[in-house]
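**Student:** Using only what follows, build the 3D model:
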Amino acid sequence: MIVSMIQMIFEIPGVDSIKEKRRIISSVKSKLQHRFNMSVAEVDLQDSLSFAQIGGVLVSNSRSFGESVLHKAFEMVERDVPVRIQDMSIYSEEF
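**Tutor:** Below you'll find the predicted structure:
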């Protein structure tokens, strides 16, 4: 079993309230969950207005498949979500 993980830190420009930030994060999480069938959570920076850190995981039987899906998920966030990516990492672990 291969568990592939992605972690993204991004800046959300123009956000004036935690409520607005939560709406954007919720939308990102929902898109990733439904389009890529992965588990996603906001894992840090919850109290920051301008920044968010989300993590996602995908379980598969192939490291290359899992990492390719996560790269596509990253490209979707980069292309479709009005955020500035500050950091991104993808890692796979075999169990």
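
**Student:** Tell me the secondary structure at residue 34.
**Tutor:** What DSSP: H, G, I helix; E, B strand; the rest coil gives for residue 34 is helix.

**Student:** Pull up the gap between it and residue 65, please.
**Tutor:** The spacing between residue 34 and residue 65, counted by CB to CB, to the nearest Å, is 19 Å. (Each C-beta comes from the backbone N, C-alpha and C, glycine too.)

**Student:** Could I get the buried residue list for the helix or strand where residue 56 lies?
**Tutor:** Taking DSSP states H and E as the definition, residue 56 sits inside strand 51-60. Neighbour-count burial for strand 51-60, counted by 16 or more other CB atoms under 10 Å, picks out 51-54, 56, 58, 60.

**Student:** Can I get those residues in TSV including pLDDT and distance to residue 41?
**Tutor:** What follows is these, written out as TSV (pLDDT from 0 to 100; distance: CB to CB, whole Å):
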residue	pLDDT	distance to residue 41
51	93	16
52	92	11
53	94	10
54	94	7
56	95	8
58	94	13
60	93	19
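
**Student:** The very next helix or strand once past the strand holding residue 56 to strand 51-60, inter-axis angle?
**Tutor:** Moving toward the C-terminus from strand 51-60, the next helix or strand (DSSP H and E) is helix 63-80. Relative orientation of helix 63-80 and strand 51-60, computed by axes from the mean of the first three to the mean of the last three CA atoms, to 10 degrees: 150 degrees.

**Student:** helices or strands next to helix 63-80 in the packing?
**Tutor:** strand 2-11, helix 18-36, strand 51-60, strand 84-94 (3 or more CB pairs under 8 Å, 6 or more residues apart in numbering; DSSP states H and E).
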